[in-house]
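In: Quick one, structure for this:
(one chain, ligands or ions: 1)
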Amino acid sequence: MSSFTSSPYWSTGIDALHAYVPGEQPQSGGWVKLNTNECPYPPSPLAIQAIQAATSEQLRLYPDPHGTALKQAIASHFGLGVDHVFLGNGSDEVLGHAFMGLLKHSLPILYPDISYSFYPVYCGLYQIAYQQVPLNVDYCVDVADYRVPNGGIVLPNPNAPTGVALSLEQLRTLLIANRSSVVLIDEAYVDFGAQSAAALIPEFDNLLVVQTFSKSRALAGLRVGFALGHPALIEALARVKDSFNSYPLDRLALAGAQAAIVDQAYFEKITQAVVDSRDWLTAELATLGFQTLPSSANFVFTTHPGHAAADLLAALRARKILVRHFAKPRTHKHLRISVGTRAECEALVAALQHILGASANPQEVSV
Ligand SMILES: *Cc1c(COP(=O)(O)O)cnc(C)c1O
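Out: All right, here's what the predicted structure looks like:
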């Protein structure tokens, strides 16, 4: 990051923006990367083939600005009409357009106090008033807490960085109590153990479901996200998009994402492998004395009563293992650890055994 905090050349308000800080992406090799919830497995071979096939002289032409073929593949996957689908350059862009196009009203929007840290950034960018609703003592969302007048509701399901999921029935209760504002469910991690609210779209014209190809489809580098909802909601997103960038998805992204969503067998294989490793890792962490929230995602949120999370992060880093720590009031005791391959999970557990063992025994040198 540069050291400039303001400049007379900047537009009004830019010096007050608090931009999102993504997790570290080391540009050298040799790291066990368990810090940004990427998929530890490669994308579908069919997606790679489709991207290679699209790498042709056709790149001189603009892509389809509507991404119709990909929209059709997504719509048929969810049993919805093409007019219920919106595409964006990663779900972060879809979320940004939704904040601007659907969530700016006179009343503040609501989202949990522990949640995706991009939400306050969009609120700052678009000048949207918000109110954070505290998770309960078990770090769960209580949908009854959202029964207050609001300008919209944003919930990740499963929540990030806790990994805890709401059931479809709890979401239905929330939607019934909030028919007059938009309810946005951010389903970045839904494929690892929660039920998609997409099934509720025919019942609720105020429901917007946002998903991504970055996690369960192993395509974080391709930048493809999408929203599902009533065509009137989709139209607001399309207007914002076409006022900003008419071609957010390039030809390679459109081709790769379409092949990935069609390859259901591969998708099921890699998500099941992640779920199995998550359950193995959770049990191993318990043996080491960690307390882990029940995760329906591809990461775990875990705390050790005898060790500061920031110290564990530093000790793991010294062993070339990256995990994530959020130095905020209710999260500073926890680490968020992405589920890697089984070998990566084993390397993490072995490192933690050494770190915890070393600090229990002062004769050994700790890192
Ligand atoms: C990863 C993530 C996203 C963004 O994913 P993209 O790579 O931009 O598609 C959105 N919401 C949550 C909660 C996430 O963790």
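In: From now on I want contacts and neighbour counts done on CA atoms only, so please keep to that.
Out: OK.
In: and the helix or strand that contains Q353, average pLDDT?
Out: Using DSSP states H and E, Q353 falls within helix 342-360. Regarding helix 342-360, the rounded mean pLDDT is 92.
In: Ramachandran coordinates for W280?
Out: Dihedral pair for W280: phi -60, psi -50, per degrees, to the nearest 10.
In: Run the chain-centre distance for the strand or helix carrying R239.
Out: Secondary structure from DSSP H and E places R239 in helix 231-242. The chain centre lies 22 Å from the centre of helix 231-242; the measure is C-alpha atoms, centre = their mean, to the nearest Å.
In: Adjust the sequence numbering to begin at 784 for everything that follows.
Out: In the new count, where the first residue is 784, that last one comes out as helix 1014-1025.
In: What helices and strands are in contact with that helix?
Out: Counting contacts by 3 or more C-alpha pairs under 8 Å, 6 or more residues apart in numbering; DSSP states H and E, helix 1014-1025 packs against strand 868-871, helix 873-885.
In: Show me what counts as buried in it.
Out: For helix 1014-1025, the neighbour count (16 or more other C-alpha atoms under 10 Å) marks 1014, 1016-1018, 1020-1021, 1023-1024 as buried.
In: The ligand contacts on the stretch 784-933 of the chain?
Out: Residues of the stretch 784-933 of the chain lying close to the ligand (C-alpha under 6 Å from any ligand atom) are 873-875, 899.
In: rerun at 8 Å
Out: Residues of the stretch 784-933 of the chain lying near the ligand by C-alpha under 8 Å from any ligand atom: 819-820, 872-878, 898-899, 901.
In: Buried members of those into PyMOL, please.
Out: A single PyMOL command selects the buried members of those (16+ other C-alpha under 10 Å):
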select buried, resi 819+820+872+873+874+875+876+877+878+898+899+901
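In: Report how many residues lie close to A1048.
Out: Neighbours of A1048 under the rule other C-alpha atoms under 10 Å: 10.
In: how about the helix holding Q1136: buried residues?
Out: Buried-residue list, helix 1125-1143, by 16+ other C-alpha under 10 Å: 1125, 1127-1132, 1134-1135, 1137-1139.
In: which other helices and strands contact that helix?
Out: helix 1047-1070, helix 1092-1101.
In: so what's A1001 up against?
Out: Shown in contact with A1001 (C-alpha atoms under 8 Å, 6 or more residues apart in numbering): 821-827.
In: 7 Å instead, please
Out: 821-822, 824-826 (C-alpha atoms under 7 Å, 6 or more residues apart in numbering).
In: cool, I1044 as well?
Out: Neighbouring residues of I1044 by C-alpha under 7 Å, 6+ apart: I857.
In: quick revisit: would you put the C-alpha positions of the helix holding Q1136 in CSV?
Out: Below are the C-alpha coordinates for helix 1125-1143, written out as CSV (Å, rounded to 0.1, in the frame of the first residue of the first chain):
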residue,chain,number,x,y,z
ARG,A,1125,-5.8,-33.5,3.2
ALA,A,1126,-2.0,-33.2,3.0
GLU,A,1127,-2.3,-29.4,3.8
CYS,A,1128,-4.6,-30.1,6.7
GLU,A,1129,-2.1,-32.6,8.0
ALA,A,1130,0.7,-30.1,7.7
LEU,A,1131,-1.3,-27.6,9.7
VAL,A,1132,-2.1,-30.1,12.4
ALA,A,1133,1.5,-31.2,12.7
ALA,A,1134,2.7,-27.5,12.9
LEU,A,1135,0.1,-26.8,15.6
GLN,A,1136,1.2,-29.9,17.5
HIS,A,1137,4.8,-28.5,17.5
ILE,A,1138,3.8,-25.0,18.4
LEU,A,1139,1.5,-26.0,21.3
GLY,A,1140,3.9,-28.7,22.5
ALA,A,1141,6.8,-26.2,22.4
SER,A,1142,5.0,-23.6,24.5
ALA,A,1143,3.9,-26.3,27.0
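In: tell me how far that helix is from the chain's mean position?
Out: Relative to the chain's own centre, helix 1125-1143 is displaced by 27 Å; criterion: C-alpha atoms, centre = their mean.
In: Are any of the contacts of A1001 buried, and if so which?
Out: Judged by 16+ other C-alpha under 10 Å, buried ones among the contacts of A1001: 821-822, 824, 826.
In: P1031 and L870 touch, don't they?
Out: No: counting by C-alpha atoms under 7 Å, P1031 stays clear of L870, with 8.4 Å between them.
In: Name the residue in these two with the higher neighbour count.
Out: Between P1031 and L870, counted using other C-alpha under 10 Å, the more crowded position is L870 (30 against 21).
In: No more questions from me, cheers.
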